[in-house]
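build me a model from this:
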Amino acid sequence: MVKQTYLFYFLLSPVFFSCGDDDGDDEPVNTLTFKGTTYTFEKGFVFDEGSTGDDGGDDTHYRYYFQIGEKELEVITDEEDGDKYADCNQCVNAYFQLLSPGISGFKPGTFEFVDTDNLSLSNVSGKYLFEYADIEFIMPGDDDGTYFEAISGTVTVKENSNLNYTLTCSMVVQETNDGSNFIDGTKQTVSFSFTGDFTYIDNR
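Here you go, the predicted structure:
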């Protein structure tokens, strides 16, 4: 799997994540229900990638990568550059590249999808944005996974306490072929939220 490439599996039926506890317990319940199967998200990681900007220009934003997933999700160190990322051999996980304005540190807020391949960061220097988001389903017998990638939408990050976050997402996603080309007729509207403690990883 290519580092920083994690995507979505939803087919053509609505998919919902839930966050909350109907029984009144203190611990939130974070689940994804898909075609009658419920997956529980138990882990959260936040990767501090530092300040960033256009190539050859001044930095304008601060980048955090958020990733949530089932218990099999684990942190792996890249042997070439020493950077860390999260991956799993068989699990469901969601991944978000979020950029907040300013370079002193990451700030929670509501992030809107922006296609940074076709837009300079300097043109959106004061905006909260996400440049990429996806969910990946790696199921038994499907080692390559099935992927959906965000093409529009918003992600809201609320910091409840130190490294405890609520992520609330509303996006349109579309299946990709080998992480590059979109597949016609596969667009989905996806809404979910997740609350939990996140493990901090410093990749600066």
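
Three-state assignment for Ser122, please.
Under the three-state scheme (DSSP: H, G, I helix; E, B strand; the rest coil), Ser122 adopts helix.

wait, it touches Asp54, no?
Yes. Contact criterion CB atoms under 8 Å: Ser122 and Asp54 qualify, at 5.5 Å. No exception for glycine: its C-beta is placed from N, CA and C like everyone else's.

residues in contact with Leu73?
Residues in contact with Leu73 (CB atoms under 8 Å, 6 or more residues apart in numbering) are Lys43, Phe45, Gln67, Ala86, Asp87, Cys88, Cys91, Asn93.

could you give the separation of the host helix or strand of the second one from the chain centroid?
In other words, Phe45. Using DSSP states H and E, Phe45 sits within strand 43-53. Its chain's C-alpha centre and that of strand 43-53 lie 11 Å apart, by CA atoms, centre = their mean, to the nearest Å.

list the buried residues of that strand.
For strand 43-53, the buried set under the neighbour-count rule, 16 or more other CB atoms under 10 Å, comprises Lys43, Gly44, Phe45, Val46, Phe47, Glu49, Ser51, Gly53.

so what's the closest residue to the fifth one other than its chain neighbours bridging to?
In other words, Phe47. Leaving aside its sequence neighbours, Phe47 sits nearest to Tyr65 (CB to CB, 6 or more residues apart in numbering; 4.0 Å). Here Tyr65 sits in beta bridges with Phe47, Gln97, as judged by DSSP bridges.

pretty sure Tyr65 contacts Leu99?
No. If you go by CB under 8 Å, Tyr65 and Leu99 don't touch, sitting 10.1 Å apart.

dump the residue contacts of the residue nearest to Phe47.
Gln4, Val46, Phe47, Glu49, Tyr95, Phe96, Gln97, Leu98.

can you tell me how far it sits from Glu80?
Tyr65 is 18 Å from Glu80, where distance means CB to CB, to the nearest Å.

same deal with Gly53?
Look at Gly53 and Glu80: by CB to CB, they are 24 Å apart.

also Leu99?
From Leu99 to Glu80 the distance is 25 Å (CB to CB).

these two: which is more packed in?
Leu99 (24 against 7; other CB atoms under 10 Å).

kindly list the longest strand within the chain.
If you go by DSSP state E, the chain has its longest strand at strand 142-161.

who does that one pair up with?
strand 109-113 (antiparallel), strand 129-139 (antiparallel), strand 164-177 (antiparallel).
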